[in-house]
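Participant: Attaching a predicted model along with its sequence, questions to come.
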Amino acid sequence: MDSFLVFSILACFILHLFLRCRFSRHRLPLPPGPTNLPVIGALPFIGPTPYSGLARLARQHAAPIMYLKMGTSGVVVVSTPSAARAFLKTLDAQFANRPTVVSATDITYNYQNMVFSNYGNKWKLMRKMASLHLLGAKALAGWAPVRRDEMGRVLKEMCDAAADKKPVVVPELLVCCLANIVGQVTLSKRVFSAQGEESNKYKDMIVELLTGAGLFNIGDFIPALAWLDLQGVQAKLKGIHDRFDAMITKMLDEHSATAKKREGRPDFIDLIMANRVGDDGETITDTNIKGLIFDLFTAGTDTSSIITEWALTEMIKNPQVLKRAQEEMDEVIGRERRLEESDISNLPYLQAVVKEAMRLHPSTPLSLPHFSYEECEVNGYYVPKNTRLLVNIWAIGRDPDTWEDPLEFKPERFLSGPTAKVYPLGNYFELIPFGAGRRICAGKLAGMVFVQYFLGTLVHSFDWRLPDGEVLNMNETFGLALPKAVPLKAMATPRLSPSAYA
Ligand code: HEM
């Protein structure tokens, strides 16, 4: 009897604590933010470029953590390093899901890819396999020869253009090269024989996809209106998905027809197929495999190309930066050979240039949306369940309390002074171009190598100038990614011994 009484008192006490906790949380205020209009919420206040519109609203409301309604959906936007840390470190597990949005249904194979699947066993298995066989440090080192070979082909194309006194369109060369790298390591296939009409069509398709996916689609925020597809976004994305799916299906068919030729030399898809069941019985399905291939071709090509293009553009705009980077490379590498990946650790100024480009021109300015199914409390605010999280990477990189002269391109800030030690792989919330926490970019190591190796090679191997009569255009086009509005077209003149390009 006594123990029953003690148990009852304890149970009442716990229930009381639980209710009090719930009750008091509800009495906490929501984070500050703009007025929410009925049905449309704060959508009209955001403007045409959401990353800068949301940064402006956060400043106006003094709200590093800002809450607003986009349509009928609750959204938290974080715009400073400490606000990002509060969500991507302290509340990371809770916000590690992705929202379900109508415009993503097709392009994610109904959320069966890695990028858009919810946090759970399937996602963990896909990430583990990707890290083990493709994107982790050891696997990445294994395909360095593919990167070297593809970069060599780019150099030859550029030398031909220089001999013909023609300019090169930098993102066209880079995306073609990256697609060929991803194709080879994933499916043992060079996707394009050379940069040209086919590869440019592919590039346009990715740009269209990322622009469409980044648009604030009304149907995603007011689900009752989704069937109307008012902006035509859903139809457009479905069209792009169908084209991509046809390309992936064809590549997979060829892949299985050529399996014998690869015996003893498995590629990523061979390895996934051979290890598709996890320890807990979770299985990577054929649809997951298609989704993964889709992720690698989309997330793995344009992102690195965009940052390399911006970095080179900033160097052409700031010739003293270009000159200092070339001097460093001439001293470390000389002019008799081209840059190798193993040189990068000896090129601190090149590394600083890359970090500065990632700070000022992050390729995914609002990262990818996160989602929490549970309510929570953060810094004295109440955040309801079913809230989306947008991390404003663009605003964090320009935060005036963190960065001196935030709008200036100054790689030197990463060589000495308070921000010298900042590194962009998720531990320093001042610079998170790849995000942070559990959902941090699965290809972050590859992304770093791509940008440093490509940029370094382009700058070491060529002198750069704009075609006569042209001026540099620094405008951005917003989508999920943030490319230059006008692709960088420039004259590249070889500066190494001819044998270095062989
Ligand atoms: C400089 C280049 C790159 C940048 C700036 C970048 C940036 C990002 C960002 C911001 C995210 C979202 C993180 C989040 O949700 O919090 C992401 C996710 C992802 N990225 Fe990258 N990325 C780059 C290169 C790559 C490459 C080369 C690959 C693969 C070949 C890749 C594959 C992925 C995948 C699979 C995800 C989804 C991860 C998940 O949801 O678990 N990325 N990336």
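Facilitator: Perfect, I can see it now. Numbering: from 1, shown residues only.

Participant: hey, let's count contacts and neighbours off CA atoms from now on
Facilitator: Will do.

Participant: Let's verify residue 428: helix, strand, or coil?
Facilitator: coil (DSSP: H, G, I helix; E, B strand; the rest coil).

Participant: next one: residue 464
Facilitator: strand.

Participant: what does the model give the residue positioned nearest the centre of the chain for pLDDT?
Facilitator: Closest residue to the average C-alpha location of the chain: residue 364 at 5.0 Å, with Cα atoms, centre = their mean. For residue 364, the pLDDT comes out at 95.

Participant: Just give the nearest non-adjacent residue to it, would you?
Facilitator: residue 481 (4.5 Å; Cα to Cα, 6 or more residues apart in numbering).

Participant: Just give me the neighbour total for the one you found.
Facilitator: Other residues near residue 481 come to 26 when the count uses other Cα atoms under 10 Å.

Participant: any idea how far it is from the ligand?
Facilitator: 9 Å (Cα to the nearest ligand atom, to the nearest Å).

Participant: and that residue, what does it touch?
Facilitator: 210-211, 214, 303, 363-365 (Cα atoms under 8 Å, 6 or more residues apart in numbering).

Participant: For residue 480, see how far away the residue nearest to the centre of the chain is.
Facilitator: 6 Å (Cα to Cα, to the nearest Å).

Participant: And for the residue of the stretch 101-250 of the chain found nearest the ligand, the neighbour number?
Facilitator: The stretch 101-250 of the chain approaches the ligand most closely through residue 115 (3.7 Å), counting by Cα to the nearest ligand atom. Residues lying near residue 115 (other Cα under 10 Å) number 22.

Participant: Tell me if I'm right that it and residue 295 touch.
Facilitator: Yes. Between residue 115 and residue 295 there is a contact at 6.6 Å, judged by Cα atoms under 8 Å.

Participant: Assign the residue nearest to the centre of the chain to helix, strand or coil.
Facilitator: coil.

Participant: How about the contacts made by it?
Facilitator: 303, 393, 433, 480-482.

Participant: and which of the residues you listed is nearest to residue 66?
Facilitator: residue 393 (14.4 Å; Cα to Cα).

Participant: Can you report how many residues lie near the residue nearest to residue 159 when sequence neighbours are not counted?
Facilitator: Once flanking residues are discounted, residue 159 sits nearest to residue 494: 6.7 Å by Cα to Cα, 6+ apart. Residue 494: 21 surrounding residues under other Cα under 10 Å.

Participant: Residue 494 bridge partners, please.
Facilitator: Beta bridges link residue 494 to residue 462, judged by DSSP bridges.

Participant: Pop out the phi and psi values for residue 78.
Facilitator: Note on residue 78: its backbone torsions stand at phi -110, psi 140 [degrees, to the nearest 10].

Participant: so it touches residue 399, yeah?
Facilitator: No. Residue 78 lies out of contact with residue 399 (Cα under 8 Å); the separation is 11.7 Å.

Participant: Which one of the two is surrounded by more residues?
Facilitator: More crowded of residue 78 and residue 399, by other Cα under 10 Å: residue 78, with 28 against 19.

Participant: Please name the residues that touch that one.
Facilitator: 64-66, 84, 389-392.

Participant: same thing with residue 218?
Facilitator: 71, 225-226, 229-231.

Participant: before we move on, the earlier item: am I right that the residue of the stretch 101-250 of the chain closest to the ligand sits in a helix?
Facilitator: No. Counting by three-state DSSP, residue 115 falls outside a helix, being coil.

Participant: That one and residue 481, how far apart?
Facilitator: 15 Å.

Participant: Setting aside sequence neighbours, what's the nearest residue to residue 282?
Facilitator: residue 122 (6.3 Å).

Participant: I'd say the one you found and residue 281 touch.
Facilitator: No. Contact criterion Cα under 8 Å: residue 122 and residue 281 do not qualify, at 10.0 Å.

Participant: more crowded one of these two?
Facilitator: Using other Cα under 10 Å, the more surrounded residue of residue 122 and residue 281 is residue 122, with 21 against 10.

Participant: Now do the same contact list for that one.
Facilitator: 282-284.

Participant: who touches stretch 182-198?
Facilitator: 134, 143, 146, 172-173, 176-177, 179-181, 199, 251-252, 255, 267-269, 293, 296-297, 300-301.

Participant: Mind telling me the two of the contacts of residue 481 farthest from one another?
Facilitator: Based on Cα to Cα, the longest span within the contacts of residue 481 runs between 214 and 303 and measures 13.6 Å.

Participant: Could you pull out the buried residues of stretch 411-426?
Facilitator: When burial is assessed from 16 or more other Cα atoms under 10 Å, stretch 411-426 yields the following buried residues: 411-415, 419, 422-426.

Participant: got the end-to-end distance for that stretch?
Facilitator: Terminal-residue distance, stretch 411-426 (Cα to Cα): 19 Å.

Participant: Near the ligand, which residues of this protein are found?
Facilitator: 114-116, 295-296, 299-300, 303-304, 362-364, 367-368, 433-436, 439-444, 446-448 (Cα under 6 Å from any ligand atom).

Participant: In helices, which of those residues fall?
Facilitator: Members of the residues of the chain next to the ligand lying in helices (criterion: DSSP state H): 295-296, 299, 303-304, 444, 446-448.

Participant: Now residue 190: which helix or strand?
Facilitator: Assigned by DSSP states H and E, residue 190 falls within no helix or strand.

Participant: Strands of the stretch 251-400 of the chain, start to end?
Facilitator: 370-372, 376-378, 381-383, 387-391 (DSSP state E, counting those that start in this stretch).

Participant: Can you name the residues that contact residue 365?
Facilitator: So residue 365 contacts 51, 392-394, 433, 480-482 (Cα under 8 Å, 6+ apart).

Participant: Quick check: phi and psi on residue 52?
Facilitator: phi -80, psi -30.

Participant: typo on my end, it should be residue 71
Facilitator: phi 60, psi -130.

Participant: pLDDT weak spots in the chain?
Facilitator: Low-confidence segments of the chain, defined by pLDDT under 70: 1-26.

Participant: List the backbone torsions phi and psi for residue 37.
Facilitator: The phi/psi pair for residue 37 (degrees, to the nearest 10) is phi -80, psi 160.

Participant: From residue 64, how far off is it?
Facilitator: Counting by Cα to Cα - residue 37 and residue 64 are separated by 22 Å.

Participant: who's more crowded, those two?
Facilitator: residue 64 (24 against 14).

Participant: quick one: the more buried one and residue 57 touch, right?
Facilitator: No. Taking contacts as Cα under 8 Å, residue 64 lies outside contact range of residue 57: 9.9 Å.

Participant: roughly how far is stretch 297-306 from the heart of the chain?
Facilitator: 8 Å (Cα atoms, centre = their mean, to the nearest Å).

Participant: meant to ask about stretch 396-410
Facilitator: Between the centre of stretch 396-410 and the centre of its chain there are 20 Å (Cα atoms, centre = their mean).

Participant: who's in contact with it?
Facilitator: So stretch 396-410 is contacted by 79-81, 314, 353, 356-357, 359-360, 419, 430-432 (Cα under 8 Å, 6+ apart).

Participant: Regarding that stretch, how distant is the last residue from the first?
Facilitator: 16 Å.

Participant: Output the contacts of residue 365 as TSV; include the columns distance to residue 98.
Facilitator: Listed next are the contacts of residue 365 as TSV, based on distance: Cα to Cα, whole Å:
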residue	distance to residue 98
51	19
392	16
393	17
394	20
433	18
480	15
481	17
482	21
